[in-house]
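Participant: Sharing a sequence plus its predicted fold:
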Amino acid sequence: MDTITKATQSQKEKFLSQFKENCCIDTNRDLQNIREAAQAALEKLNFPTTRDEYWKYTRIAPILRGTYHQMPGSEPVDLGPTLIENMDSYDLVFVNGYFSPEHSSRLESESWLVLPLSEARNNYPELITKHYGQYADYEKHAFTALNTAYCQEGACILLKDNAQLDKPVRIINLTQGDAIAYHPRNLLVFGKGSKGAVLLSYETGSGNHAFTNAVSEIVVQENAHAELFLMQHKSDTNSHIETTQVFQEKNSQFQATTITLKGKIVRNNLNVVVDGENCLTRINGIYLTRGKQHVDNHTMIDHRQPHCESHELYKGIMNESSTGVFNGKVFVRQYAQKTNAFQSNQNILLTDQATINSKPELEIYADDVKCSHGSTTGQFDEEAVFYLRSRGIGEASARKLMINAFAADVLEYISIEPLRDRIEAYIEERYETVL
Amino acid sequence: MASEEELLEEITSSEYKYGFVTDIDSDKAPKGLNEDIVRLISSKKNEPEWLLEYRLKAFRHWKSKVEPEWAHIQYPKVDYQDLIYYAAPKPKKTLDSLDEVDPELLKTFEKLGISLDEQKRLTGVAVDVVVDSVSVKTTFTEKLSELGIIFMSFGEAVQEHPELVRQHLGSVVPHTDNYFAALNAAVFSDGSFCYIPKGVRCPMELSTYFRINEANTGQFERTLLVADEGSYVSYLEGCTAPMRDENQLHAAVVELVAMKDAEIKYSTVQNWYPGDKEGKGGIYNFVTKRGLCAGSNSKISWTQVETGSAVTWKYPSCILKGDNSVGEFYSVAVTNNFQQADTGTKMVHIGRNTKSTIISKGISAGKSHNSYRGLVKVNRNATNARNFSQCDSLLMGDQCGAHTFPYIEVSNSSAKVEHEATTSKIGEDQIFYCNQRGIDTEKAISLIVNGYAKEVLNKLPMEFAVEAQKLLAISLEGSVG
């Protein structure tokens, strides 16, 4: 073993030991088996470095070096900053990864279950074991293994067949205190013919240098229609790794929108396996970075069955000395004929210190397909700004308009209006002083 | 669509036409690779001390490296100790006219349709023919030397212009660059050297034909092309190789240096033996090609038509260091049967107002895999850099694959970088449209493929365009007119 491997090895052990202490044991044997398998896998796996192609542009050493605490929030919970005006939703609130019942609306009915995962595990073990740990690959990915091995709590949303959620479900993860670490684990199952929208948000109440490592498994069964919104709005000293593993069955529709506004190192792995015919997949993202932020979006759409369609649109604005990374992969297997897959990534760099690394990939093994991808990096169209100014609009307002228009391509797919308004307001706030 | 399937069948079953072996005595080094072999190669070529040192340094570096595995290709590993690293046709004499060339060799070229005297008389192309590593005949050298242009084999250049070679060798592709470049730097046998002096516009297309001849002989060409201030040169490189069952390794290095206001146009047609229908045999082509736009307003343009080789691993690149420099990459890559190609380019923008264009057209048929892998990098200080990339893939048959792996790294806010890629098959509606106009399906496919590749073929010099179309036709016989 050379010195570098030794160094990472000891770093890995030190990092892991912080979580081992708080490890919990599942009473359900099946679930405990998964946990133990993940712990075993974690022993063998190394945390990725920039020498790994999959992590080429993202250095996670600062995360691994940190010292973390796992504990419930000590201060009273203030949900004020997370408030979305006019938004009517069922909320599940977690503080530092612990369920906060007084702020949450648990639902247990004929058509759906909206519960903390621990409770669902105890009360509906047969429903959970069927899906839990079946999609997110903890054998290969260290952070997924870390989550699977040491997760304690998360949200469980089960829509029974043909259930239609009347309101969106909001899962709020609030971090309070310094150097807090937790591993939220969510399971979302959309039964046959069901329909629903889920907003998963990460916010910071107080404190710095926290680390969250979230894994969500989402199953969209036949004819179901699922919408997911991921909002990352943690403070700029907190780091976040999020893995979302989606499994789509035939005739289903899935839409995800990832909105990254804050965070120190943010890494999103969004993987969609399309394992049925006639599916529609739409994944969008918007990332607005500033300061020394580093935001990395990795997506993968794996087309396994014919006659499916996927659309992907990621847009980013990088300011100051921040870095944006986009790596999108469309994988079309040989059997997946008649696939239409479109991917697009657009970036704007506001300063010379900002960086964007874009890697849109196509890997295609079927011939009767229509696939395309595009990536652009540039700046505001000065002619358009000039046009607006010639119509009597001030320069700052003109640029603001341009930013709104740039973001609008992604925001228009957000069906929940209050959420869209809130995000628009965030964007406006963000560029109030910059332009 | 039955007729289309028949055509695809025909395409997949077309035979390699240039497979034959020329029977010439050759002077071989023993199998294997160690420092002694490196010394042997160097002494055989009567090289100066510094070059031997360079080779040894490269060899030691190569030993410390492992073969890269990141490319989207799979092949049985090469046993580097089971190869012969030096083979020279003998006897080697100084030749002044074609009559002195071994008649066997002349026949080889006649079969290829590139007869030397034909070329000499009709096209005015100077040909530096490389057969198994040693340059046998260089034509037009005298004519070129009147203009001060140096165009000779690498070995001769080392003897006659050591200072030029020493100055530029490894300046664009250092021996530490990658595994295959290190191997090449250690054992390169011969190649071409070209120097265009200040302000000279080379009056003819320079051309080299590579040909791997001896069985079990790795071929390690080294090309170094220097265009001094304000000069222009168009360089052609074409390759064909005889049919062999064992896999043959080819690890070449091409270095281009363009000084201030200079322009280099480098065109390649590669048609090495791709292996048979079962994927047996064929050439392994691991090439490092890179151009340095060292001065301001310089320009390097790569054009390649890749139809051969079992495995291609090749990324002709441009380092745009000079302000206002321009890099271009035009490529058509055709893979059939079990061929695998992982090819593309790197455009590194360092200077201000640098521009690059990438047009890549992949066609995959049979059970082949064709990948585009490219990097566009805009450095912090590369103000107003501009890149446009377009990578299209055409799939023929449902057993093949087409992949795109672009890397785009931008660190300057004034950069404009665009990349687009599409993958599709020949539309039935397109064929139907042609049929309806009285064009049969075979001609229709030919028309569509031709049109698809035209953007790149148009960039080839006249003399080469004909051959390129011939090679496309061989690779996709039955569908290309």
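Facilitator: All right, it came through fine.
Participant: any chance you could map the helices in the chain?
Facilitator: This is for chain A. Listed in chain order, the helices of chain A (DSSP state H) span residues A:3-20, A:29-44, A:61-65, A:117-123, A:125-131, A:142-150, A:382-390, A:395-411, A:417-430.
Participant: The intended chain is chain B.
Facilitator: B:2-13, B:35-44, B:49-63, B:103-112, B:116-118, B:141-146, B:154-160, B:162-168, B:179-187, B:428-436, B:441-457, B:462-475.
Participant: Mind telling me which of the ones you listed the model trusts least?
Facilitator: Here the lowest mean pLDDT among the helices of chain B goes to helix B:116-118, at a mean of 48.
Participant: Nearest residue to whatever residue of the stretch 101-250 of chain B ends up closest to chain A in space, please, no chain neighbours.
Facilitator: Ranked by C-beta to the nearest C-beta, the top residue of the stretch 101-250 of chain B for proximity to chain A is residue B:178, at 15.2 Å. Yep, even glycine has a C-beta here, placed from its N, CA and C like the rest. Distances taken as C-beta to C-beta, 6 or more residues apart in numbering or on different chains put residue B:288 closest to residue B:178, at 6.3 Å, once the chain neighbours are dropped.
Participant: And for residue B:285?
Facilitator: Using C-beta to C-beta, 6+ apart, the nearest residue to residue B:285 is residue B:309, at 4.0 Å.
Participant: what about the residue of the stretch 101-250 of chain B closest to chain A, how many neighbours?
Facilitator: 21 (other C-beta atoms under 10 Å in any protein chain shown).
Participant: That one and residue A:316, how far apart?
Facilitator: Applying C-beta to C-beta, to the nearest Å, the value for residue B:178 to residue A:316 is 32 Å.
Participant: repeat for residue B:74
Facilitator: Taken as C-beta to C-beta, the span from residue B:74 to residue A:316 is 35 Å.
Participant: In terms of neighbours, single out the busier of those two.
Facilitator: The neighbour comparison of residue B:74 against residue A:316 (other C-beta under 10 Å) goes to residue A:316, with 27 against 10.
Participant: contacting residues around that one?
Facilitator: Counting by C-beta atoms under 8 Å, 6 or more residues apart in numbering or on different chains, residue A:316 makes contact with A:286-289, A:295, A:324, A:326, A:345-348, A:356.
Participant: just to revisit the earlier point, backbone dihedrals for the residue of the stretch 101-250 of chain B closest to chain A, please?
Facilitator: phi -160, psi 170 (degrees, to the nearest 10).
Participant: Identify the residues contacting it.
Facilitator: Residue B:178 sits next to B:65, B:68, B:288 when contact means C-beta under 8 Å, 6+ apart.
Participant: What parts of the stretch 301-450 of chain B come near chain A?
Facilitator: By C-beta under 8 Å from any C-beta of the partner chain, the residues of the stretch 301-450 of chain B that approach chain A are B:380, B:393, B:395-425.
Participant: And for residue B:384, the neighbour number?
Facilitator: 17.
Participant: oh sorry, the question was meant for residue A:25
Facilitator: Taking other C-beta under 10 Å as the definition, residue A:25 ends up with a neighbour count of 8.
Participant: Leaving out the residues flanking it, which one is nearest to it?
Facilitator: residue A:32 (6.4 Å).
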